[in-house]
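Trainee: Give me the fold of what follows.
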Amino acid sequence: MELFGTPDRSGRFRTDDGVGRLAEATLYLSVSEMLKLSEFLAKCAREAHEFDLWDHEHFADFLSLSDSSYDGPDIIVHLPEQG
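Mentor: All right, here's what the predicted structure looks like:
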């Protein structure tokens, strides 16, 4: 597993920030958020297992299916390059 991220600049993303490798990440989650995240990860695992062309999925997109008001940080699950 590898972690990558972009800095939070008060909700504004700057294209020159780029994506950097993270040594660790801490998630502050309520129990209901933990359950949603586990549902999302399970969905990603099922789809990655079933579909050869599966590449990545956004947590924000997953949440928007049931809550269009979500404006928190996004978590992107991405398969590593197969070499």
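Trainee: Please name the nearest non-neighbouring residue to the residue positioned nearest the centre of the chain.
Mentor: Centroid-nearest residue in the chain: residue 75, 1.8 Å away (criterion: CA atoms, centre = their mean). Once flanking residues are discounted, residue 75 sits nearest to residue 59: 3.9 Å by CB to CB, 6 or more residues apart in numbering. C-beta coordinates here come from the backbone N, C-alpha and C atoms, glycine included.
Trainee: ranges for the helices of this protein?
Mentor: 31-50, 59-64 (DSSP state H).
Trainee: Quickly compare these and say which is most buried.
Mentor: helix 59-64 (a mean of 16; mean count of other CB atoms under 10 Å).
Trainee: Who are the packing partners of that helix?
Mentor: Counting contacts by 3 or more CB pairs under 8 Å, 6 or more residues apart in numbering; DSSP states H and E, helix 59-64 is packed against helix 31-50.
Trainee: and the helix it packs on, what does it pack onto?
Mentor: Looks like helix 31-50 contacts strand 56-58, helix 59-64, strand 76-78 (3+ CB pairs under 8 Å, 6+ apart).
Trainee: Any figure for the gap between residue 37 and residue 79?
Mentor: According to CB to CB, to the nearest Å, residue 37 and residue 79 sit 18 Å apart.
Trainee: what residues are up against the nearest residue in space to residue 43 that is not next to it in sequence?
Mentor: Among residues not flanking residue 43 along the chain, residue 62 sits closest, at 6.9 Å (CB to CB, 6+ apart). By CB atoms under 8 Å, 6 or more residues apart in numbering, the contact list for residue 62 reads 36, 39, 40, 43.
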